[in-house]
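Engineer: Structural data only, the sequence is not supplied:
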């Protein structure tokens, strides 16, 4: 079974709008990562946030982590059609580098 | 581009057959992990290799096995294929087993009929 659950499962927005995806997990973690996947191909690493961090930014991406609620959110601002993809959160326990546990993803569609 | 390559891109096999999938890691990356991604789901960790030895396994049966070679390439072997083995198989390399950032290849789409 998967550790993380993304919410919503699917999201459709207009270009220029913001997109927010949420991830919840069950056990304690060392860090949490977000990945993007286009059309069932390889995963692209977006951002890593450590368990002692609360917020992290990278370009148009903003990630928050609330370890007390075991949840994280990914915000994509000013979305573009090229952001259309599936987004996955992945958690890593302290002794399991490179053995990530993924959720089932949010499919984002950005309409031009 | 992550510098991680996989071959073949697509593969069709019959139930009961054996298959070998290949991955070439980024130069200098001594750790490779393999994941299985069924349609509509997230990747599931199969196993990890560090310096040519298995370094952890997920909830997969022994008919899933692997090898890692000194030239940063690796293999995933699956024996006695079952229909449920149909999936996208992803390899991911990292510069060390203590490093959390992984670089994924484009995957091999395996269809078992």
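Structural biologist: Now that the structure is in, tell me what you want to look at. Everything quoted here is computed from the prediction, not taken from an experiment.
Engineer: nearest spatial neighbour of residue B:58, skipping sequence neighbours?
Structural biologist: Using C-beta to C-beta, 6 or more residues apart in numbering or on different chains and skipping residues adjacent in sequence, the residue nearest residue B:58 is residue B:45, 4.0 Å away. In this view, the C-beta of every residue, glycine as well, is placed from N, C-alpha and C.
Engineer: Looking at the closest residue to chain A within chain B now. What's its pLDDT?
Structural biologist: Chain B approaches chain A most closely through residue B:42 (3.4 Å), counting by C-beta to the nearest C-beta. According to the predicted model, the pLDDT of residue B:42 comes to 94.
Engineer: Could you give the number of residues near the closest residue to it other than its chain neighbours?
Structural biologist: Using C-beta to C-beta, 6+ apart and skipping residues adjacent in sequence, the residue nearest residue B:42 is residue A:102, 3.4 Å away. Under the neighbour criterion other C-beta atoms under 10 Å in any protein chain shown, residue A:102 is assigned a count of 24.
Engineer: beta partners for residue A:102?
Structural biologist: Under DSSP bridges, the beta-bridge partners of residue A:102 are residue A:90.
Engineer: just so I have it, where are all the strands in chain A?
Structural biologist: Remark: strands assigned in chain A by DSSP state E are A:5-7, A:10-14, A:19-24, A:31-37, A:43-50, A:55-58, A:61-66, A:71-76, A:85-92, A:101-102, A:106-111.
Engineer: can you list the residues of chain B near chain A?
Structural biologist: B:2, B:4, B:31, B:33, B:35, B:37, B:39-45, B:48, B:56, B:58, B:88, B:90, B:92, B:94, B:97-107, B:109 (C-beta under 8 Å from any C-beta of the partner chain).
Engineer: In strands, which of these fall?
Structural biologist: Short answer: the residues of chain B next to chain A in strands (DSSP E) are B:31, B:33, B:35, B:37, B:44-45, B:48, B:56, B:88, B:90, B:92, B:94, B:103-104, B:109.
Engineer: And the residues you listed, which two are furthest apart?
Structural biologist: B:56 and B:109 (25.0 Å; C-beta to C-beta).
Engineer: Give the bridge partners for the residue nearest the centre of chain B, please.
Structural biologist: In chain B, the residue lying closest to the centroid (C-alpha atoms, centre = their mean) is residue B:34, at 3.3 Å. Bridge pairing for residue B:34 (DSSP bridges) gives the partners residue B:47, residue B:91.
Engineer: The residue nearest to residue B:58 contacts residue A:99, correct?
Structural biologist: Yes: A contact is recorded between residue B:45 and residue A:99 when judged using C-beta atoms under 8 Å, the distance being 5.0 Å.
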